[in-house]
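S.K.: Need a 3D model of the sequence below.
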Amino acid sequence: MAVDTALPLRHIASRTTTLAICRRLRRNRAAVVGIMVLSAFALSGVFAPWLAPFDPYRSDLEGSLAGPGGAHVLGTDELGRDILSRIIYGARLSMVIGTISVGIGVILGVPVGLFAGYYGGRFDLFSQRIIDVLLGFPGIILAIVLVTVLGVGLVNVMIAVGIVSVPTTAADLDCSAAPARPLTDTANPAITVVASETAGC
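M.R.: From the prediction side, this is the model:
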């Protein structure tokens, strides 16, 4: 009776890979510090209502521009709002903006890059020319133009930042998918080998 060992072997390989990644992270102190900082940033954003000592929007003109110390650890701004509370709530807003902006870039850029890289042809040439034109503009200039067209607002800013990241995402995926492109020229094996080696950008 044959025993299927594919599943146990796959599980062992996955576990071995995870352990190898953990060992490499432990040896890289900068990576560990970065993970700790990002984790603290994310947790402060998620638990902002419980971590912030004051309402970040409540003004107290009598206590404006107070120095650090006492109840206000980092002091207050010109309107008397607690700076620490505003930083904690700002982490939440930054997480939302970053997540939505990256999501827009991935949703739009990944399909275009994969389709162009895998199938090639006219669509690949057409999409690459558009990507080259967009990459020719500085990202901040392109974002400002998009915000001007869409209008001022937090949602429009997130859309603009997401669209700016689409060309880079699509170009990266195009180069990654190109080596897997099916080659139809089987009459000349030499051309097939050269094409498969040079398709990775």
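S.K.: quick one: buried residues of the longest helix along the chain?
M.R.: For the chain, the helix with the greatest residue count under DSSP state H is helix 83-119. In terms of neighbour count (16 or more other CB atoms under 10 Å), helix 83-119 has its buried residues at 83-86, 88-89, 91-92, 95, 97, 100-101, 104-105, 108-110, 112-118. Heads up, the C-betas are built off the backbone N, CA and C, glycines and all.
S.K.: List the contacts of the nearest residue to residue 169 once chain neighbours are set aside.
M.R.: Excluding the flanking residues, the one nearest residue 169 by CB to CB, 6 or more residues apart in numbering is residue 109, at 3.0 Å. Residues near residue 109 by CB atoms under 8 Å, 6 or more residues apart in numbering: 165-170, 173.
S.K.: Quick check: the farthest pair among these?
M.R.: Maximum pairwise distance in the contacts of residue 109, criterion CB to CB, is 12.2 Å, between 165 and 173.
S.K.: who's more crowded, those two?
M.R.: Using other CB atoms under 10 Å, the more surrounded residue of residue 165 and residue 173 is residue 173, with 21 against 18.
S.K.: the helices in this protein, which residues?
M.R.: 6-27, 29-46, 48-51, 83-119, 121-135, 139-150, 154-177, 189-198.
S.K.: Please name whichever of those helices is nearest to residue 62.
M.R.: helix 83-119 (16.4 Å).
S.K.: how far off helix 154-177 does the closest one point, in degrees?
M.R.: Angle, helix 83-119 to helix 154-177, by axes from the mean of the first three to the mean of the last three CA atoms, to 10 degrees: 40 degrees.
S.K.: Correct me if wrong: residue 116 contacts residue 123.
M.R.: Yes: using CB atoms under 8 Å, residue 116 is in contact with residue 123, at 5.7 Å.
S.K.: Test for you: state the pLDDT assigned to the residue nearest to the spatial centre of the chain.
M.R.: Among the residues of the chain, the one closest to the centroid is residue 102, at 4.6 Å (CA atoms, centre = their mean). The score at residue 102 is 92. That number is its pLDDT.
S.K.: Begin at 798 from now on, thanks
M.R.: Yes, from this point I'll number from 798; that puts the last item at residue 899.
S.K.: dump the residue contacts of it.
M.R.: Residue 899 makes contact with 959, 962 under the criterion CB under 8 Å, 6+ apart.
S.K.: what about it, distance to residue 927?
M.R.: Between residue 899 and residue 927 the distance is 21 Å, computed by CB to CB, to the nearest Å.
S.K.: Check residue 838 too.
M.R.: Relative to residue 927, residue 838 is positioned 35 Å away (CB to CB).
S.K.: swap in residue 912?
M.R.: Separation of residue 912 from residue 927 (CB to CB): 14 Å.
S.K.: With residue 815 instead?
M.R.: 39 Å.
S.K.: repeat for residue 848
M.R.: Distance, residue 848 to residue 927, by CB to CB: 44 Å.
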